[in-house]
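Engineer: Sequence and predicted structure are below.
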Amino acid sequence: DQQVKQNSPSLSVQEGRISILNCDYTNSMFDYFLWYKKYPAEGPTFLISISSIKDKNEDGRFTVFLNKSAKHLSLHIVPSQPGDSAVYFCAASDGNTDKLIFGTGTRLQVFP
Amino acid sequence: GAGVSQTPSNKVTEKGKYVELRCDPISGHTALYWYRQSLGQGPEFLIYFQGTGAADDSGLPNDRFFAVRPEGSVSTLKIQRTERGDSAVYLCASSPGQGADNEQFFGPGTRLTVL
């Protein structure tokens, strides 16, 4: 049972345009959501997070939106840069434990 | 400063053998996590330590898997009687404290291949 789902395995975007990565979850107990970025042969690195008491969090070019009623979150990257090309993982936590539940990832390619 | 390190980076073993995977967390980080990432999947939680004790081992798939952190720093993940299905990248992460809002810093992983 996949509690965190990323239905798009890949996304290709032109440099300078907006990248939108989507994530859906099924567990209504999740109260904290994170996005991680992963380059080949490296561990995931934290990008941005959002608490369930908010619906938006912004950090530079990265913004995460949370729609609790739809159990959906999205990561917006604008403007996209070639260095953003990586696999992006959505993750969630339920507050009772520190473990993270990850989605299957979306591979983003930003081309010139 | 130094990040999370994991050794070995690659491990090839035969079915039925015993393996140990090591994780050196960031100095001073009290929480340590083990995840497993199979091909085409996201990281899957295995076990989490707060200090020396396992706070949550609900992700360990069966009793062939065991992890220790005897001095609250370095951790070893031990897999007995390895099976081909154990092949994956094993990721370790550490964080400065409890709570999901404490960033988990990941190491590069150990790629385990069971032949």
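Structural biologist: Here it is on my side, so go on.
Engineer: show me the contacts for the spatially most central residue of chain B.
Structural biologist: By C-alpha atoms, centre = their mean, the mean C-alpha position of chain B lies nearest to residue B:34, the distance being 3.2 Å. By C-beta atoms under 8 Å, 6 or more residues apart in numbering or on different chains, the contact set of residue B:34 is B:23, B:45-48, B:67, B:75, B:77, B:90-92. Any C-beta I mention is one placed from the backbone N, CA and C, and that applies to glycine too.
Engineer: in chain A, which spans are strands?
Structural biologist: Along chain A, the segments classed as strands by DSSP state E run A:4-5, A:10-14, A:19-25, A:32-38, A:45-51, A:56-59, A:62-67, A:72-77, A:86-93, A:101-102, A:106-111.
Engineer: wait, doesn't residue B:46 sit right on residue B:36?
Structural biologist: Yes: using C-beta atoms under 8 Å, residue B:46 is in contact with residue B:36, at 5.7 Å.
Engineer: Report the beta-bridge partners for the closest residue to residue A:44 other than its chain neighbours.
Structural biologist: Nearest residue to residue A:44 in three dimensions, chain neighbours excluded: residue A:36, at 3.8 Å (C-beta to C-beta, 6 or more residues apart in numbering or on different chains). Counting by DSSP bridges, residue A:36 is bridged to residue A:46, residue A:89.
Engineer: I figured residue A:36 was touching residue A:46, is that so?
Structural biologist: Yes: between residue A:36 and residue A:46 there is a contact under C-beta under 8 Å: 5.9 Å.
Engineer: Pick out whichever of these two has more residues nearby.
Structural biologist: residue A:36 (26 against 16; other C-beta atoms under 10 Å in any protein chain shown).
Engineer: what's the spacing between that one and residue B:32?
Structural biologist: For residue A:36, the distance to residue B:32 (C-beta to C-beta, to the nearest Å) stands at 17 Å.
Engineer: try residue A:48
Structural biologist: 23 Å.
Engineer: Those two: which has the busier surroundings?
Structural biologist: residue B:32 (29 against 18).
Engineer: Leaving out sequence neighbours, find the closest residue to the more buried one.
Structural biologist: Spatially, and ignoring its direct neighbours in sequence, residue B:32 is nearest to residue B:49 (4.5 Å; C-beta to C-beta, 6+ apart).
Engineer: ok, how many other residues are close to the one you found?
Structural biologist: When neighbours are counted by other C-beta under 10 Å, residue B:49 comes out with 23.
Engineer: Report the beta-bridge partners for it.
Structural biologist: residue B:32, residue B:54.
Engineer: thought it was touching residue B:29?
Structural biologist: No: in this structure, residue B:49 is not within contact of residue B:29 by C-beta under 8 Å, at 10.3 Å.
Engineer: Show the pLDDT at residue A:47.
Structural biologist: As summarised for this prediction, residue A:47 has a pLDDT of 97.
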